[in-house]
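what's the 3D shape of this:
(chains A and B)
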2 protein chains.
Amino acid sequence: MKEKIEELWSEVREVSLGSNGIIERLESPPTPLQFLRNFINPNKPCIISNSISHWPSLSSWTNHSYLTQTLSSTTVSLHLTPTGAADSLAPLPTSPSSLCFASAHVQRLPFPDALRLINSSNPSERVAYAQQQNDCFRSEYCSLANDCDSHIGWATEAFGSEPEAVNLWIGNRYSQTSFHKDHYENLYAVVTGEKHFLLFPPTDVHRFYIRHYPAATYTYSQESGEFGLELEKPTRYVPWCSVDPFPSAENLEDEISKFPLYFNGPPPFECTVKAGEILYLPSMWFHHVRQSGDDGELTIAVNYWYDMQFDIKYAYFNFLQSIDYRSCLSPMMLENLCEEIDSGPDDNDTR
Amino acid sequence: MKEKIEELWSEVREVSLGSNGIIERLESPPTPLQFLRNFINPNKPCIISNSISHWPSLSSWTNHSYLTQTLSSTTVSLHLTPTGAADSLAPLPTSPSSLCFASAHVQRLPFPDALRLINSSNPSERVAYAQQQNDCFRSEYCSLANDCDSHIGWATEAFGSEPEAVNLWIGNRYSQTSFHKDHYENLYAVVTGEKHFLLFPPTDVHRFYIRHYPAATYTYSQESGEFGLELEKPTRYVPWCSVDPFPSAENLEDEISKFPLYFNGPPPFECTVKAGEILYLPSMWFHHVRQSGDDGELTIAVNYWYDMQFDIKYAYFNFLQSIDYRSCLSPMMLENLCEEIDSGPDDNDTR
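Residues are numbered from 1 along each chain as shown, chains lettered A, B, ... in the order given. From the prediction side, this is the model:
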């Protein structure tokens, strides 16, 4: 079964994505038909240039005082973490050999203060990231509504409906989003700075070692400037990708041995989306997101989540995900596993 | 694994097809966008009314003398079989307990003679079916070109290219097509009579027991009026569905026990396409086709084969098909197998 799944990884790359690891770039927006036929249907990402050139935000948002003036009386939700990795795995303080799924401390504060905190983010102290994903661009940030289109016309026509949510993201080079997938079709428009994506098709699902981690939330004391991390009570388990694609040099060997399917498999589709460009990130694609930039440089993006179709592709994905490829093992691997079973299983990897 | 595959059958029905077994009917042609979004993408069949009402063929082809006059000097390819089941499994004459994949005897003859043979088809003697699938409508039958559109406009726009092949089918109630799938998107327009389809999504692939059968071709002696069946030399194997959905009463029990996944699984999407209607038969769907009608009544249809996209759906299909669902075991079976391995493996089910 392992071989069959690996063949699927490679066939998806061959038949629809190309094996050169390059995301197709369109120099102008596709027609709705082209977008539907060549990208949505085959579940294939692309980068689109010259589709949002008319957005006032492209020039005005580089000016931070424009933003603080326009949002001077607006309260926003800011996500605070010690390292910049929100919604990602973190060691449990009480038992650092175990991991939990750690959500950011969310603080409501006036936008000018929020922007100051994002700008001064630093993993030695505290990283702030405006990344509230609850349609915030149309609610918290509605004063900026005229700076961007309320939807992406050609995409809306292709999907047949307006976006379900529009979110604003303001971060600096320390803000990261760990590997995950969304049940949405995503059009990710970068307004200032640039975003670096690692992308993997849904068929690579086994390579992320999705496991169930107990949910926890950071707490932050403004007085001491210190973070805590508290497990939710009652315990709630979140399925999340176990793989960090950028382990530290000292952890590298260990991570490779823990996640060989990731590190020894086909490389990511890697891309950088620059100001003025849109990434079409198809539903169910695994993605990891970073920003770059010097001190004081922000990456600001607006993303449009459109409802995905729950269709035969989705059913195929669920089927694939339900397969524990270890349940169909080569005789050699099976013997090793039998030894493990004989001496008592010590983890729940088979779930 | 068996359970997981069965869950896939049911999930495909749930998420995109509906579990009531009814093929959606459109009262007017969809826009290209609607067709792409709601049917091509999700790989979902539908029946479209009122899309070909302007075709002259709808009235002229009911008149057989119109056809014989228009094609009076045209030579066509007629498919002759003893039973009406062309391109289907048949017992080997030399060893009737074995099956082969039997193609029709193809006879080239003037259209008026061909039509006479189709009309007088009868399984006690000989069944003739004009079903040459080599773009024959645009070659052999080009004198009829003005009676139908050369392509289906809204479909061509959705697929982004003209049809790869257009075929004409003229048969009577004895002409059948056994279960198979095509690597094409199919728009099947019925001009006279009606066609009865049994349809199954690609995810049901295991239910058809596709096996490799030696290719054979019928021979027909006009003098004796008798058929022979000759294996191709050198032997060529054709992968074909083993299931006959309409076994005779005396074979029923036997067929059910040989093909339980078919007979005990979800029922077919059954539909009748009437004169003036189009069936959209998505790529890779399994289908079985019959005609009805009294003596002298013909079913005439024109089908348009458009290139399919070889994309992530296709890769998923190949992966699914590659799985021998008997190869993956439940944890309980795995433990049993471990015991077996400890005492020495004796089969290769794990591969």
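
tell me which strands and helices the helix or strand that contains A:Val302 is in contact with?
Per DSSP states H and E, A:Val302 falls inside strand A:299-307. In terms of contacts (3 or more C-beta pairs under 8 Å, 6 or more residues apart in numbering or on different chains; DSSP states H and E), strand A:299-307 is packed against helix A:153-159, strand A:165-171, strand A:184-192, strand A:194-200. Quick note: C-beta positions are derived from backbone N, CA and C, even for glycine.

can you list contacts of the helix or strand hosting A:Val76?
Here A:Val76 sits within strand A:75-81, counting by DSSP H and E. Under the contact criterion C-beta atoms under 8 Å, 6 or more residues apart in numbering or on different chains, strand A:75-81 has outside partners A:86, A:102, A:104-111, A:114, A:117-118, A:126-132, A:136, A:140-141, A:218, A:220, A:227.

can you give me the end-to-end span of stretch A:39-56?
Between the opening and closing residues of stretch A:39-56 lies a distance of 28 Å (C-alpha to C-alpha, to the nearest Å).

give the buried residues for it.
Applying a neighbour-count criterion of 16 or more other C-beta atoms under 10 Å in any protein chain shown, one finds A:39-49, A:51-52, A:55 buried in stretch A:39-56.

which among those gets closest to A:His180?
Nearest to A:His180 among the buried residues of stretch A:39-56, counting by C-beta to C-beta, is A:Pro45 at 15.5 Å.

quick check: that closest one touching A:Tyr280?
Yes - taking C-beta atoms under 8 Å as the definition, A:Pro45 is a contact partner of A:Tyr280 at 5.6 Å.

what residues are shared contacts of the two?
Overlap between the neighbourhoods of A:Pro45 and A:Tyr280 consists of A:Phe39, taking contacts as C-beta under 8 Å, 6+ apart.

and the pLDDT for whichever residue of the stretch 1-150 of chain A sits closest to chain B?
Of all residues in the stretch 1-150 of chain A, the one sitting closest to chain B is A:Pro42 (3.6 Å; C-beta to the nearest C-beta). Looking at A:Pro42, its pLDDT is 94.

repeat that for the one 4 residues further on.
With respect to pLDDT, A:Cys46 has a value of 97.

got the phi/psi numbers for it?
Here is the backbone geometry of A:Cys46 (degrees, to the nearest 10): phi -160, psi 160.

pretty sure it sits against A:Leu26.
Yes - A:Cys46 is within contact range of A:Leu26, at 5.8 Å (criterion: C-beta under 8 Å).

which ones are touching the one residue in the stretch 151-300 of chain A that gets nearest to chain B?
Ranking the residues of the stretch 151-300 of chain A by distance to chain B (C-beta to the nearest C-beta) places A:Gly160 first, at 5.5 Å. When contacts are counted by C-beta under 8 Å, 6+ apart, A:Gly160 touches B:Leu33, B:Gln34, B:Arg37.

measure it to B:Pro29 for me?
According to C-beta to C-beta, to the nearest Å, A:Gly160 and B:Pro29 sit 17 Å apart.

so where do the helices sit in chain A?
All helices of chain A, identified by DSSP state H, fall at A:2-12, A:32-35, A:57-60, A:64-70, A:111-119, A:153-159, A:252-258, A:260-263, A:312-322, A:331-342.

helices or strands up against the fifth one?
Which is helix A:111-119. helix A:64-70, strand A:75-81, strand A:127-129, strand A:165-171.

and it with strand A:75-81, angle?
Here helix A:111-119 points in a direction 20 degrees away from that of strand A:75-81 (axes from the mean of the first three to the mean of the last three C-alpha atoms, to 10 degrees).

buried ones in helix A:111-119?
For helix A:111-119, a neighbour-count test (16+ other C-beta under 10 Å) marks A:Phe111, A:Pro112, A:Ala114, A:Leu115, A:Leu117, A:Ile118 as buried.

ok, now the third one?
Of the residues in helix A:57-60, those buried by neighbour count under the rule 16+ other C-beta under 10 Å are A:Ser57, A:Leu58, A:Ser60.

give me every residue that touches the first one.
Listed by C-beta under 8 Å, 6+ apart, the contact set of A:Ser57 reads A:Leu144, A:Asp147, A:Cys148, A:Val191, A:Ile300, A:Val302.

how about it, nearest residue that isn't a chain neighbour?
Nearest residue to A:Ser57, sequence neighbours excluded (C-beta to C-beta, 6 or more residues apart in numbering or on different chains): A:Asp147, at 3.7 Å.

packing partners for the longest strand seen in chain A?
The strand of greatest length in chain A, counted in residues with DSSP state E as the criterion, is given as strand A:211-221. With contacts defined as 3+ C-beta pairs under 8 Å, 6+ apart, the packing partners of strand A:211-221 are strand A:75-81, strand A:88-92, strand A:95-103, strand A:105-110, strand A:226-231, strand A:237-240.

buried sites along the fourth one?
Neighbour counts using 16+ other C-beta under 10 Å place A:His105, A:Gln107 of strand A:105-110 among the buried residues.

now find how far off-centre that strand is within its chain.
On the basis of C-alpha atoms, centre = their mean, to the nearest Å, the separation between the geometric centre of strand A:105-110 and that of its chain is 21 Å.

other SSEs contacting it?
Strand A:105-110 packs on strand A:75-81, strand A:211-221, going by 3+ C-beta pairs under 8 Å, 6+ apart.

out of the ones you listed, deepest packed?
Relative to the other members of the helices and strands packed on strand A:105-110, strand A:75-81 carries the highest mean neighbour count by mean count of other C-beta atoms under 10 Å in any protein chain shown, namely a mean of 21.
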